[in-house]
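Colleague: Here is the input, now give the coordinates:
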Amino acid sequence: MGNVFRAGADAMHLPNGGTEVFVEVLALAVAALAERPWELRFAALLSWQDQSVLGRGAVGFDLAELDWGATPAERAAAKAFVLRATELAARGHRWAELGYEPPFAREYLRRFREIVEAFEPPAAVPPGDALPAPAVACCVRHRVPSALPHWEGCVLCHRSGPV
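Modeller: Predicted structure coming up:
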């Protein structure tokens, strides 16, 4: 069983352990960059990709289901943010804090970057926008968005590997 991160028909299928690694390294980068409301909503979306809470093989998202903004400028800024965060993660931002060398992380991030670069955010807001409310809670221990009040801790608190 695995998880899918997609933009319409273009998809990245990850095994459960790969998903854990991908979400952790991307969350560390997003936490460093997120400032604007859309960016904080994307950070919240990442906090919901916690297989320890939702179940193995039960996470993932489709970029085509997100509200990228009402104007071309907003959509471009949102896409640029995801690309910046992906690049920061690929440079190993805060990986020393993981307590392990994240296997295949650069390959997952490279593939995700390809998907995002090729994706054209829709002008219309999809019904049932998949972006949650902006992340307002932060895990004090790991300094990444948390899904409070829905559950305590963050994806790094709940991981199966070393802390």
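
Colleague: Phe42 is in contact with Trp48, correct?
Modeller: No - using Cβ atoms under 8 Å, Trp48 is not in contact with Phe42; the gap is 10.8 Å. In this view, the C-beta of every residue, glycine as well, is placed from N, C-alpha and C.

Colleague: ok, for Val125, nearest residue in space, not its chain neighbours?
Modeller: Asp67 (4.6 Å; Cβ to Cβ, 6 or more residues apart in numbering).

Colleague: That neighbour and Pro37: what is the separation?
Modeller: Applying Cβ to Cβ, to the nearest Å, the value for Asp67 to Pro37 is 11 Å.

Colleague: Who has more neighbours out of these two?
Modeller: Comparing Asp67 with Pro37 by other Cβ atoms under 10 Å, the one with more neighbours is Asp67, at 19 against 11.

Colleague: ok but that one is inside a helix, no?
Modeller: No - assessed with DSSP: H, G, I helix; E, B strand; the rest coil, Asp67 is coil; it does not lie in a helix.

Colleague: And it, how far from Pro122?
Modeller: 9 Å.

Colleague: Likewise for Trp48?
Modeller: With Cβ to Cβ as the criterion, Trp48 and Pro122 are 21 Å apart.

Colleague: Neighbour count: these two, which is higher?
Modeller: Shown here are Trp48 and Pro122; by other Cβ under 10 Å, Trp48 has more neighbours (20 against 15).

Colleague: following the lowest-mean-pLDDT helix or strand in the chain, which helix or strand shows up next?
Modeller: Across the helices and strands of the chain, mean confidence by mean pLDDT, DSSP states H and E is lowest for helix 51-54: a mean of 58. Going down the chain from helix 51-54, the next helix or strand is strand 60-62, by DSSP states H and E.
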